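Engineer: With the input below, show me the fold.
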Amino acid sequence: LEVYNPPLVTVCLVHHNRGELMLKTIEAVLAQDYSPFEIVMVDDGSTDQTALKVLTDIQRFFNQTNVVPFRLIRTRNRFPGAARNTAAEHAKGKFVIFCDDDDLPKPHWISTMVRVAHHTHADVVTSMADFFDGDRSPLPNAKPKIRWLTLGAAPSLGMYHNVFGAAMALVRKKSFFKIGGYSEEGGSTYEDWEFFANAVLKGFHLEAIPEALLWYRQHPPSSDKNLMKTTRKYTNRMRVLRAYQQFVPPQLRNAVLYGWGSASMHR
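Structural biologist: Model prediction:
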């Protein structure tokens with residue numbers, strides 16, 4: 001890093017009933033080539049006994065090793081947006097960086113994000129992601145099933161596709177709260193897409209790194225771990241579109257819905 005005093009980064013981990021996968025995520029976070037960072041982990045109302053035992057083991061590990069500062073916060077089940085906001089509220093770092101309990105950041109994830117934020121003065125930094133299947137961690141030189149390509153701050157196209165970047169983004173903490181954080185309702189997803197759209201439309205600087213800095217785990221369509229498949233597409237899309245509707249006159253807001261609906265019908 002070309003920074004004499006690297007800033008403290010808070011890794012915001014969100015967990016719900018996926019203890020075994022979370023262990024692998026924590027291993028990947030602890031393998032980062034960046035320092036200093038802390039971990040704030042929010043358990044979003046887990047009920048699975050195996051997951052609860054893993055949480056106890058994780059807490060014990062950090063208490064005994066003090067490898068990095070660690071806090072575990074337990075809440076009722078309020079879904080990812082609320083859990084991420086809770087983690088950010090307890091963060092001590094200049095930057096917050098988000099990670100879900102089933103994804104695997106690559107070793108230079110934090111350092112690359114911070115370097116880009118430093119040089120570009122960006123409020124939000126995103127990246128591409130490599131997709132993989134299954135419960136096993138991919139080998140270091142594994143080829144991805146799919147690579148999620150991103151464009152960054154492209155709000156026109158961003159109304160139809162999430163071109164802003166992967167959810168595991170770095171955000172300046174003061175900017176995070178000015179943007180408004182994540183919306184918190186349950187029963188739908190795309191809260192990350194909505195957050196990025198809000199940031200760009202409100203004039204904050206979003207920078208997308210043209211490199212896949214993390215492995216994104218794909219769950220089978222039948223799995224209850226797949227929020228894309230267990231939530232309604234219409235509700236998810238409406239969550240994103242409201243970010244756009246707030247910037248157009250009331251008499252034109254239905255035009256936003258019509259434009260999206262027309263594009264969806266002709267795919």
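Engineer: Can you find the helix or strand in this protein with the smallest mean pLDDT?
Structural biologist: Every helix and strand of the chain was ranked by mean pLDDT, DSSP states H and E. The lowest is helix 227-230, at a mean of 60.
Engineer: Look up phi and psi at Lys202.
Structural biologist: phi -90, psi 0 (degrees, to the nearest 10).
Engineer: Any idea how many residues pack against it?
Structural biologist: 15 (other C-beta atoms under 10 Å). (Glycine included, C-beta is placed from N, CA and C.)
Engineer: quick one: the closest residue to it other than its chain neighbours from Gly203, how far?
Structural biologist: Nearest residue to Lys202 in three dimensions, chain neighbours excluded: Ile179, at 6.4 Å (C-beta to C-beta, 6 or more residues apart in numbering). For Ile179, the distance to Gly203 (C-beta to C-beta, to the nearest Å) stands at 10 Å.
Engineer: which of the two has more neighbours?
Structural biologist: Ile179 (20 against 7).
Engineer: I figured that one was touching Ala197, is that so?
Structural biologist: No: between Ile179 and Ala197 there is no contact under C-beta atoms under 8 Å: 10.3 Å.
Engineer: so where is the stretch 151-267 of the chain shaky, pLDDT-wise?
Structural biologist: Confidence mapping of the stretch 151-267 of the chain against pLDDT under 70 gives the ranges 220-230, 262-267.
Engineer: Break down it into its strands, ranges please.
Structural biologist: 170-172, 206-218 (DSSP state E, counting those that start in this stretch).
Engineer: Would you point to the one among these that's packed deepest?
Structural biologist: Comparing these by mean neighbour count (mean count of other C-beta atoms under 10 Å), strand 170-172 comes out on top with a mean of 25.
Engineer: Distance from the chain centre to that strand, please.
Structural biologist: Here strand 170-172 is found 11 Å from its chain centre; the criterion is C-alpha atoms, centre = their mean, to the nearest Å.
Engineer: Ok, stretch 119-130 next?
Structural biologist: 12 Å.
Engineer: So which bits of that stretch are buried?
Structural biologist: 122-130 (16 or more other C-beta atoms under 10 Å).
Engineer: Of these, just say which sits nearest to Pro69.
Structural biologist: Closest approach to Pro69 among these (C-beta to C-beta): Val125, at 22.2 Å.
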